[in-house]
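Peer 1: The sequence isn't on hand, but the structure is:
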């Protein structure tokens, strides 16, 4: 039977992938044959969570809790626990396991374990060459330009010396802020790239040439260029020339204002004015391609098809196509199966408004979505500061006592520290990072390529009819 109704969507899953597929389906069931974000979410979701939750100690605790649920899953399933909260956590045990493993990795990169750094390989900084100078002047700090002060980067992660530095937040804020923008731009560019596979599969070349290409060029010419500037500044300036390094924020704002006569912000490289002007013009040229050109092409295609015309001869519709391939002959019984409701009249105004909304949403969304990824930096900073406050205000009290009574006090304080760590840093902070990672995938990532307006496949069973599932 011929029909124009959209088929239901079925995504084959197992006990490992079902949790991630549920995350995607909570946003919307994918259209039939649409690109499924779930396989990529298996990696990107726990990774973005770990960027905000990065702590080696907390990651180990979360991994151990998830491993307990995974290793004893057969016994726990047999018990048939009716507790809704436990059932929800148990259903997401593999998600929690990956979040814990990735948190261990980011904790190693941040060199952060319960707010303390691990000095496994020895710091690359030395105070000896400047000991006398610093001893005489408490205002000065270590200068990496002085020979012998900085001997090279730490083998993996952040150097442990930053944990006791007074300008720790200044350094980490700059690092995490730039890292958040880099990860966000890469994540969004990947999402736009996935839309290409949708257009190719559904054979929509117009969406490729006047949709995908302008979108990815627009984002790459502006925010992809910003990522390149971040890496270039890291590589081009060292301890001796960093005092003359221009501000990337001011440079990026001046790029849109075409202001290159700012004496307080020198150019990063030769020919910067020409390249940045060209990139802005390219980005601006992409806007009318998405806004106007696509609408006009759709209108022209509709008029071309309409001019072909059709005629009816006794229940047989014959199209007046210019070639035999374009001529259409539909028998009377087949014609009766086509619903008139499925044939939508082309409305130029509706298409123009829809395309205008999509273009404005995408162009402004590139800016707002990039800024939205700064939550990776903000949540990471909040988690690190809460962990440090908990250590300083609780655990430090028990460790500071040198008497025998301090042992008893430490035992009690450690219990309080453990309870607060689990309740505040693991559960509350973990839930916060989980929700923010969820938003980044639903809004910033999936809306670049995922429509999610389909409906789920339900096999026919009498039980489903009695429960009323098919009524939805």
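Peer 2: Nice, thanks for sending it over. This structure is a prediction, so every number in the text was calculated from the model and none was measured.
Peer 1: any low-confidence regions in the chain?
Peer 2: 1-2, 309-344, 464, 467-472 (pLDDT under 70).
Peer 1: So what are the structural domains in it, by residue number?
Peer 2: 1-121+156-169+381-472, 304-336 (automatic domain parsing).
Peer 1: For residue 179, which of those is the nearest?
Peer 2: domain 1-121+156-169+381-472 (7.7 Å; Cβ to Cβ). (Glycine included, C-beta is placed from N, CA and C.)
Peer 1: re the thing from before, want to throw the domains of the chain into JSON lines with distance to residue 278 and mean neighbour count?
Peer 2: JSON lines is the format used below for these (distance: least, Cβ to Cβ, whole Å; neighbours: other Cβ atoms under 10 Å):
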{"stretch": "domain 1-121+156-169+381-472", "distance to residue 278": "25", "mean neighbour count": "16"}
{"stretch": "domain 304-336", "distance to residue 278": "36", "mean neighbour count": "11"}
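Peer 1: so which of those domains gets nearest residue 127?
Peer 2: So among the domains of the chain, domain 1-121+156-169+381-472 is nearest, using Cβ to Cβ, at 9.3 Å.
Peer 1: Centre of the chain to the closest one, how far?
Peer 2: Remark: domain 1-121+156-169+381-472 is offset 15 Å from the chain centroid, using Cα atoms, centre = their mean, to the nearest Å.
Peer 1: what does stretch 232-241 give?
Peer 2: With Cα atoms, centre = their mean, you get 28 Å for stretch 232-241.
Peer 1: which outside residues touch it?
Peer 2: Stretch 232-241 is contacted from outside by 143, 144, 145, 150, 244, 245, 248, 268, 269, using Cβ atoms under 8 Å, 6 or more residues apart in numbering.
Peer 1: list the buried ones in it?
Peer 2: residue 233 (16 or more other Cβ atoms under 10 Å).
Peer 1: ends of it, how far apart?
Peer 2: Stretch 232-241 has an end-to-end distance of 14 Å (criterion: Cα to Cα, to the nearest Å).
Peer 1: swap in stretch 415-431?
Peer 2: End-to-end for stretch 415-431, by Cα to Cα: 23 Å.
Peer 1: ok, residue 246 - contacts?
Peer 2: Contacts of residue 246 by Cβ under 8 Å, 6+ apart are 265, 266, 267, 268.
Peer 1: Mind doing that once more with 10 Å?
Peer 2: 229, 233, 237, 254, 262, 264, 265, 266, 267, 268, 272 (Cβ atoms under 10 Å, 6 or more residues apart in numbering).
Peer 1: rewinding a little: and the contacts of stretch 232-241, which of them are buried?
Peer 2: 150, 248, 268.
Peer 1: Would you convert the domains of the chain into JSON lines that also reports distance to residue 352?
Peer 2: Formatted as JSON lines, these follow (distance: least, Cβ to Cβ, whole Å):
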{"stretch": "domain 1-121+156-169+381-472", "distance to residue 352": "20"}
{"stretch": "domain 304-336", "distance to residue 352": "18"}
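Peer 1: right, and those - which one's nearest residue 370?
Peer 2: domain 1-121+156-169+381-472 (8.6 Å).
Peer 1: quick one, what contacts residue 262?
Peer 2: Residue 262 touches 246, 247, 250, 251, 253, 254, counting by Cβ under 10 Å, 6+ apart.
Peer 1: Please list the outside residues in contact with the strand or helix carrying residue 279.
Peer 2: Take DSSP states H and E as the rule and residue 279 turns out to sit in helix 272-288. Residues outside helix 272-288 that contact it (Cβ under 10 Å, 6+ apart) are 210, 213-225, 229, 246, 251-252, 254-261, 266-269, 294, 359-360, 362-363, 366.
Peer 1: And stretch 389-408, by the same measure?
Peer 2: With Cβ under 10 Å, 6+ apart, stretch 389-408 has contacts from 114-116, 409-414, 416-421, 424-425.
Peer 1: Just confirm residue 81 is within a strand.
Peer 2: No. Read with DSSP: H, G, I helix; E, B strand; the rest coil, residue 81 is coil and lies in no strand.
Peer 1: hang on, isn't it packed against residue 87?
Peer 2: Yes. Contact criterion Cβ atoms under 10 Å: residue 81 and residue 87 qualify, at 6.5 Å.
Peer 1: Can you tell me, leaving aside adjacent residues, what's nearest to residue 155?
Peer 2: Nearest residue to residue 155, sequence neighbours excluded (Cβ to Cβ, 6 or more residues apart in numbering): residue 121, at 4.9 Å.
Peer 1: need the contact list for that neighbour.
Peer 2: If you count contacts by Cβ under 10 Å, 6+ apart, then residue 121 has 154, 155, 156, 157, 159, 160 around it.
Peer 1: Show me the helices in the stretch 251-400 of the chain, by range?
Peer 2: Using DSSP state H, counting those that start in this stretch, the helices assigned to the stretch 251-400 of the chain run over residues 272-288, 294-308, 332-335, 348-372, 375-390, 396-400.
Peer 1: before we move on, back to that, let me know the closest of the buried ones among the contacts of stretch 232-241 to residue 347.
Peer 2: Residue 347 has its nearest neighbour among the buried ones among the contacts of stretch 232-241 in residue 248, at 45.4 Å by Cβ to Cβ.
Peer 1: Compute the distance between that closest one and residue 181, please.
Peer 2: Separation of residue 248 from residue 181 (Cβ to Cβ, to the nearest Å): 10 Å.
Peer 1: Quick check: neighbours shared by these two?
Peer 2: Common neighbours of residue 248 and residue 181 (Cβ under 10 Å, 6+ apart) are 226, 230.
Peer 1: Now do the same contact list for the residue lying closest to residue 55 once chain neighbours are set aside.
Peer 2: Spatially, and ignoring its direct neighbours in sequence, residue 55 is nearest to residue 107 (4.7 Å; Cβ to Cβ, 6+ apart). Contacts here follow Cβ under 10 Å, 6+ apart; on that basis residue 107 touches 50, 53-60, 113-114, 118, 157.
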